[in-house]
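Asker: structure of the sequence below:
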Amino acid sequence: MMYEVEKKPKRLPYQLLDKAVLFASKFLDLDVDLIIEFKILKAHQCGFCDYYDDDVTITISRYLAVEDIIRTLFHEMVHVKQYADGRLEHGSSGVWLGIMYEDKYDDLPWEIEAYDLEQKMMDAFYC
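Answerer: Residues are numbered from 1 along each chain as shown. Below is the predicted model of the structure:
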């Protein structure tokens, strides 16, 4: 797995980011190249990922605390895994395992899984 970083906040050491990306890749058995970019996002947004034709970009709010950056990275890498596995359909919004979902955000199956695995990774990474 290779990754590029764009506009990394100075408070986030490259060594920590490398460690987190490698950890999540192994935890999720994920082998895709990606771009991690830091941008100014809406106040309620921590991050998101785009997965189109093997071009994978994870965007993270540049104003998050370091631990929240790592948490968001883990969460978004779960979504990358879901796209790579074909469970979450890329290019369309809300299709999981071939079924269209229009539930509340917290009730979406891919978000439930992402929050669960994000927490498991945080617990293991920071133990």
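
Asker: tell me, what residue is most central in the protein?
Answerer: For the chain, the residue whose C-alpha lies nearest the mean C-alpha position (Cα atoms, centre = their mean) is Glu76; its distance is 1.2 Å.

Asker: so where's the chain uncertain?
Answerer: Per-residue confidence for the chain (pLDDT under 70) gives these ranges: 92.

Asker: quick one, helices of it?
Answerer: Taking DSSP state H as the test, the helices found in the chain are 14-28, 66-85, 109-125.

Asker: could I get those helices as CSV with distance to Glu102?
Answerer: Yep, even glycine has a C-beta here, placed from its N, CA and C like the rest. Converted to CSV, the helices of the chain look like this (distance: least, Cβ to Cβ, whole Å):
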stretch, distance to Glu102
helix 14-28, 27
helix 66-85, 18
helix 109-125, 12
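
Asker: sorry, back to before: measure the residue nearest to the centre of the chain to Met100 for me?
Answerer: To Met100, Glu76 is 22 Å away according to Cβ to Cβ, to the nearest Å.

Asker: check contacts around the residue nearest to the centre of the chain.
Answerer: Neighbour list for Glu76: Gly47, Phe48, Cys49, Ile58, Ile60, Ala114 [criterion: Cβ atoms under 8 Å, 6 or more residues apart in numbering].

Asker: how about a cut-off of 7 Å?
Answerer: By Cβ atoms under 7 Å, 6 or more residues apart in numbering, the contact list for Glu76 reads Gly47, Phe48, Cys49, Ile58.

Asker: and the second one, how many neighbours does it have?
Answerer: Same thing as Phe48. Neighbourhood size, Phe48 [other Cβ atoms under 10 Å]: 15.

Asker: wait, it sits on Thr57?
Answerer: No - counting by Cβ atoms under 7 Å, Phe48 sits too far from Thr57 to count as a contact (9.0 Å).
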